[in-house]
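>>> Sharing a model prediction with you, sequence too.
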Amino acid sequence: MRYSKEFFALQIRFARVVVALTDRPIDEVLLDYTNIYVRFGLGRAFDRDDPTWRRYADGLSQTADISDWTYRFYLEQKTEAPRAQIVKTSGCFSYARQGPACVRVHFRNIEPAAISPLSIDRLPERLAELRALFDHVAHNQQEATRVAGTSWLYNLRAYRRCFPQAYVASAVVAEARFRNMPLWGQFLDRNGLVRIDAAEDFVRRLSNVKHVRDLASCFPLQALAVEAPIEDFYAFYGLAAGGRHG
């Protein structure tokens with residue numbers, strides 16, 4: 001997916017407020033408070049001395065329009081931002097390994113544009129996808145004992161109803177997520193375009209921030225981290241450990 005210029009401009013607008021509150025250089029703030037480093041395909045080391053990042057940072061002082069420079073630089077990158085090492089995909093859902101004992105759930109909307117993937121009408125399809133996904137886990141990741149996830153989507157009842165109660169009940173705000181898509185993703189539609197209502201709400205909140213401790217409150221929805229025993233998932237989807245259907 002290619003992301004819109006407006007998505008980068010929104011992050012830069014946030015970074016400018018951080019600069020005003022902290023008096024830190026703009027290149028440092030863009031590294032620490034936005035998802036731009038990841039979108040350049042540089043991974044998640046957040047190395048300020050990475051040659052590609054240094055070339056971008058050096059250009060910040062030579063442009064009158066940071067948003068334009070950032071987007072042009074992004075389009076020049078040949079490597080898409082690396083995704084998590086996905087083991088299996090089932091419809092809108094996938095999972096990756098997080099160490100030997102934990103699997104991490106991911107979501108991506110693959111429905112046609114006219115269909116809401118989390119509508120009540122599509123709930124049976126989503127549950128069937130997750131059942132198939134965890135059937136794969138049961139057969140192929142038998143050492144896994146935990147399931148984890150982090151996303152702004154866990155704020156939505158329509159998303160939470162896809163998962164066991166113990167999992168969604170464990171939700172806590174994921175701290176220091178300014179660099180990561182589980183927070184910034186709430187501003188995007190399926191095509192990488194900015195969702196206008198969410199962005200306007202964000203900008204309105206941002207205009208009222210007076211202290212760095214209040215930056216997280218600018219985001220309409222927080223990134224939530226959830227985790228629960230894998231047995232809860234097998235029971236919820238009618239499976240048993242080892243892949244035997246219940």
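Yep, that arrived. Numbers count the residues shown, from 1 in each chain.

>>> what about the closest residue in space to residue 146 that isn't next to it in sequence, how many neighbours?
Closest residue to residue 146 apart from its sequence neighbours, by CB to CB, 6 or more residues apart in numbering: residue 102 at 4.3 Å. In short, each C-beta sits where N, CA and C put it, glycine included. Residue 102 is flanked by 17 other residues according to other CB atoms under 10 Å.

>>> Could you do the one 10 residues further on as well?
Around residue 112 there are 8 other residues, counting by other CB under 10 Å.

>>> Could you measure from it over to residue 202?
28 Å (CB to CB, to the nearest Å).

>>> any idea where the helices of this structure begin and end?
Remark: helices assigned in the chain by DSSP state H are 5-22, 26-33, 36-39, 51-60, 66-76, 123-140, 157-160, 165-169, 181-184, 196-206, 230-236.

>>> Residue 88: which of the ones you listed is closest?
Nearest of the helices of the chain to residue 88, taken as CB to CB: helix 123-140 at 4.7 Å.

>>> Give me the distance between the residue nearest in space to the middle of the chain and residue 217.
Centroid-nearest residue in the chain, with CA atoms, centre = their mean: residue 182, separated by 2.3 Å. For residue 182, the distance to residue 217 (CB to CB) stands at 17 Å.

>>> again, but for residue 143
Between residue 143 and residue 217 the computed distance is 40 Å (CB to CB).

>>> now do residue 184
15 Å.

>>> These two: who's more crowded?
Counted by other CB under 10 Å, residue 184 and residue 217 do not tie: residue 184 has more neighbours, with 25 against 12.

>>> Which pLDDT value goes with that one?
In this prediction, residue 184 carries a pLDDT score of 97.
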